[in-house]
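In: just a sequence and a predicted model for now, questions to come.
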Amino acid sequence: MTNIQARICLASSGGDQEYNPSVAAIPLTEIAMPQKTLADTLAAGETIYVTCGHPMCCKSTKLDIQVLIDRLGPCHGSMHWDLVVLFGCSDCKAARRDRRSVFFTVIPDYEGQQRERNRDWKPTFERG
């Protein structure tokens, strides 16, 4: 169990108890946060956009997942909290606006999912 998972277990139990590994290891009391890596995102064919959170800007940019993997490594997380510290809006910085957090939009590979669904489909010409 990681340190973060241990803190989540303590927070979900009220937080006033001392950490007990045997209690925290019980699956019903443990809240496991989903983890996804950049390699998982690339393999799934997903597209990620990063968008500035400033209301005067709202600039959106498509991320190149392969470049992120080359810079950060394939095991780097691709969840919001893994990536948010890496990005800031250059347009807002140039305009001397206050820094706002960015947010991410993940678009699944809908065409790939549709191909997978229809791979074994064969038309039937029977009339009922």
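Out: That came in fine, so what should we check first? Residues are numbered from 1 along each chain as shown.

In: so what's the residue nearest the centre of the chain closest to, chain neighbours aside?
Out: In the chain, the residue lying closest to the centroid (Cα atoms, centre = their mean) is Met79, at 2.6 Å. In space, and not counting its chain neighbours, Met79 is closest to Lys36: 5.8 Å by Cβ to Cβ, 6 or more residues apart in numbering. C-beta: built from backbone N, CA, C; applies to glycine.

In: tell me the contacts of the one you found?
Out: Going by Cβ atoms under 8 Å, 6 or more residues apart in numbering, Lys36 touches 77-79.

In: got phi/psi on it?
Out: Per-residue torsions, Lys36: phi -140, psi 140 (degrees, to the nearest 10).

In: pLDDT score for it?
Out: Per-residue confidence (pLDDT) for Lys36: 91.

In: could you measure from it over to Trp81?
Out: For Lys36, the distance to Trp81 equals 12 Å [Cβ to Cβ, to the nearest Å].
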